[in-house]
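**Student:** What follows is a predicted structure for the sequence shown.
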Amino acid sequence: MLSRSAERLYWLARYLERTENIARLVNVHMNLLMDLPKGVEMGWLQLVRINAAEQEFREKYNSVNERTVTRFLLTDESYAGSLFSSLIAARENIRTSRDLLPDEAWQQVNEMYLFAKNNLDSIGSRRSRVLFLNEILKGCQRFTGLLSGYMSHHHPYRFIGIGKHLERADMTTRILDLASLLLAESRSDELRQYETILWMNILKSLNALLMYRQHVRSRINGDDVLNFLLLNKNLPRAVRCCLGEIADCVNKLPNHVGLPEKLDELKLTVNAIDTRQTTQLQLREILDDLQNKLGGLHAQIAENWFLRVGVE
Amino acid sequence: MKSIWENYKTEAAYDELMHSEFQPRPVSNRLCQYLNSLNKGDIDKRKIAAELAIMEMGISFTVYSDEGNIDRAWPFDIIPRIIEAGEWRMIEKGLKQRLTALNHFISDVYSEQAFIKAGKMPGEIINSSKNFRKECVGMQPRHNVWANICGTDLVRDKDGVMYVLEDNLRVPSGVSYMLENRVITKRVFPELLQDIDILPIDDYPTQLYDMLVSIAPHQNSKVRIVVLTPGVYNSAYFEHAYLAQQMGVQLVEGNDLIVKNDDCVYMRTIEGLEKVDVIYRRIDDDFLDPEVFRKDSTLGVRGLMRAWKAGNVALANAPGAGVADDKVVYAYVPEMIRYYLNEEPILPNVPTYLCSDKDQLDYVLKHLSELVAKPANESGGYGMIVGPHATHKEVEAFREIIKKDPRNYIAQPTLAISTAPTLCKGKLEPRHIDLRPFILQGEDIFVTAGGLTRVALTKGSLVVNSSQGGGSKDTWIINGEEH
């Protein structure tokens, strides 16, 4: 398999995962806001913060509200982290790696892109925005299902797996980073009242509510939710589970030197977390550290497998 | 009934489907019956369905323009073009004959030049050809075949005779559109395709693959084949990716490949370097290897010619094959067929005036307003003039261009090239078409069943190139007797 193709498939998977994550995030956030009383501090800006894009947002928009934030996150082509930009990048990557994927894979992404392109304006109203996001989520799921059913689970599939799970782990840490704010001692009494609803929505944003009920079997509280989303080995969007998936792919690929060690280190870091024993400040440090280590993992992957012209 | 055929004119040129406004040719009877059974709304629906399919399948080509490169959806006309199977068998034979002779000629040009020595062609034509590559002299590709993939353009004149307009022997494109056109037609007219026996075309990628295996430098069981593309900004990138995908081989760009000191070609993979045996290259000779050809090329692979000359890799088409893709050389193809094969040409050439010849040049300059004149080495319909459609000023200007470089210009009578019914704003109107069949030669020789029919969508226009506002149609080869 060509190094160039490995790189493109990896990015294809990352961008599609990002597309799906943004859609999910905005969807859940809308639901949350409908439940919360007006004026609660859990506003739209939090979504921008999760994506570490506050500065860029402020440069482009004068006010923070539902309209500007959703436009920024969903359809703003000039913001590289928006849903539409991610979709464009995914399409560009798959367009240049069609030789490795089933026919339908390209068509699926292309259709999704065309749908988004033709419906960019529809996100203005809540009702049509929900429809838009659902269509995107369905499209991403169809793509995942299509690959798992049509494609040999060989090297190209593994690079897709690595990209997808790395992006997913990264997003989960971001969401938890934000959630950790909710543990802060300084939070208002009003917010405390709605704590359960907030945590439920965090679980929903990672499609983990049902699993939480089944596995944790306790009432919903911050510490348990955090532990579950970081440490669980079976929940697809838990960080520990993503690391396991990445390790499975990595170990089956040739020339994986240096990666198993890096992954073991990451797993140790995650396993050592006990949210019951940590303060909010410590937790933020841990999550920062995790994100840095995920960045390091990406660098090692690029080093091992991607095209470096001029080097033999 | 107010039909979609209303006012359909067939007098100006030979129409492929219709004798006259109301009378289809026998071969298109069934199609016409079927079209008449649809109302206007139905036809519009099919057209919209086709456009949607093209968008979703992402069939596009790139247009270079001042505003940057734009990916355009492939303009497709849903009404197929039909050729009767008996006639097609003759054309197929003629195409095989032609490519065989051309490959003899290229081999000869790079070895003894017996054709020239026998006085069949002035040596000057080869010496002055920019596609003659002296680096290739003495090479012997497998099976002595240089042009493995050829796209030959055919047009039918008013007399009903199919003429060869040109042979594309460098990096001919269009075959993916031929294949996709059929896929779309199957979606749009499923009932019709069930009823009529149309020769299938889907085996092209398999035939291409087999041909590429047959030219591998070694005969081990595992042959590593790649398609070499100039990259995503090339107008035919869609096709490169499509063919690689259909054959299940890798699509590579120049910097995916490297030639090592052992003169072998390797590709950079996740497992390290892997040896490559056959390269279906879609890059022009000029850009193939900066070590030999254009030094500034970043698209090619340094050392590729070394590897090819050492016999470690096969290139399709072979470098230098373009020497026969020259509209001056074209004029000599009938003579090549007689000389190398000792046969009479089955498919006629369009009469061609060579401006390199003093008398012919005089004739061309005098009659330019009646002729089509074109540069000998361009493709894509660039740099040509259609005399009868040009203004007085344009003709004057072109005369000067020819005078400056007569070797590189030829002229031909303006043919009344044939038409076929084409959907224009809900009505059928005749539009001019040509046909590009694809011929593969390695160990065996193969011709696609039909080819890519290109159509000039603008009323009266004779230029069918996609880069110049042309579209395409599905091409059906069917048995006339059955209907």
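**Tutor:** Now that the structure is in, tell me what you want to look at. Because the structure is a prediction, the values reported are computed rather than measured. Residues are numbered from 1 along each chain as shown, chains lettered A, B, ... in the order given.

**Student:** A:R127: how many residues sit nearby?
**Tutor:** When neighbours are defined as other C-beta atoms under 10 Å in any protein chain shown, A:R127 has 8 of them. Where C-beta positions appear, they are placed from N, C-alpha and C, glycine not excepted.

**Student:** what does the model give A:G310 for pLDDT?
**Tutor:** In this model, A:G310 is scored at 53, pLDDT.

**Student:** now swap in B:N181 and tell me
**Tutor:** 94.

**Student:** tell me which element it is part of?
**Tutor:** Assigned by DSSP states H and E, B:N181 belongs to helix B:175-188.

**Student:** From the contact counts, what lies against that helix?
**Tutor:** helix B:40-57, strand B:76-84, helix B:204-214, helix B:237-247, strand B:452-456, strand B:470-478 (3 or more C-beta pairs under 8 Å, 6 or more residues apart in numbering or on different chains; DSSP states H and E).

**Student:** List the buried residues for that helix?
**Tutor:** Neighbour-count burial for helix B:175-188, with 16 or more other C-beta atoms under 10 Å in any protein chain shown as criterion, is recorded at B:175-182, B:184-185, B:188.

**Student:** give me the number of residues near B:E271?
**Tutor:** B:E271, neighbours per other C-beta under 10 Å, totals 13.

**Student:** Verify the contact between it and A:H256 for me.
**Tutor:** No - when contacts are counted by C-beta atoms under 8 Å, B:E271 is not listed as touching A:H256 (10.8 Å).

**Student:** that older thread, quick check: next helix or strand after the helix holding B:N181?
**Tutor:** For helix B:175-188, the succeeding helix or strand toward the C-terminus, using DSSP H and E, is helix B:190-195.

**Student:** Let me see the mean pLDDT of that next one.
**Tutor:** Rounded mean pLDDT across helix B:190-195 is 85.

**Student:** chain center to it, what's the gap?
**Tutor:** 28 Å (C-alpha atoms, centre = their mean, to the nearest Å).

**Student:** count of neighbours near the closest residue to chain A within the stretch 1-150 of chain B?
**Tutor:** Nearest residue of the stretch 1-150 of chain B to chain A (C-beta to the nearest C-beta) works out as B:G58 at 4.4 Å. Neighbourhood size, B:G58 [other C-beta under 10 Å]: 24.

**Student:** Could you export the helices and strands packed on helix B:175-188 to CSV, including columns for mean neighbour count?
**Tutor:** Formatted as CSV, the helices and strands packed on helix B:175-188 follow (neighbours: other C-beta atoms under 10 Å in any protein chain shown):
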stretch, mean neighbour count
helix B:40-57, 15
strand B:76-84, 23
helix B:204-214, 19
helix B:237-247, 23
strand B:452-456, 25
strand B:470-478, 24
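
**Student:** Which pLDDT does the model give the residue of the stretch 1-150 of chain B closest to chain A?
**Tutor:** For B:G58, pLDDT reads 76.

**Student:** measure it to A:V109 for me?
**Tutor:** Counting by C-beta to C-beta, to the nearest Å, the separation of B:G58 from A:V109 is 9 Å.

**Student:** With A:I94 instead?
**Tutor:** Distance from A:I94 to A:V109, by C-beta to C-beta: 5 Å.

**Student:** Repeat that for A:T173.
**Tutor:** 26 Å.

**Student:** who's more crowded, those two?
**Tutor:** Taking other C-beta under 10 Å, A:T173 and A:V109 do not tie; A:V109 has more neighbours (28 against 23).

**Student:** my guess is the more buried one is in a strand, correct?
**Tutor:** No - the assignment for A:V109, made by DSSP: H, G, I helix; E, B strand; the rest coil, is helix rather than a strand.

**Student:** hmm, back to that, contacting residues for the residue of the stretch 1-150 of chain B closest to chain A?
**Tutor:** B:G58 is in contact with A:95, A:106-107, A:110, B:238, counting by C-beta atoms under 8 Å, 6 or more residues apart in numbering or on different chains.
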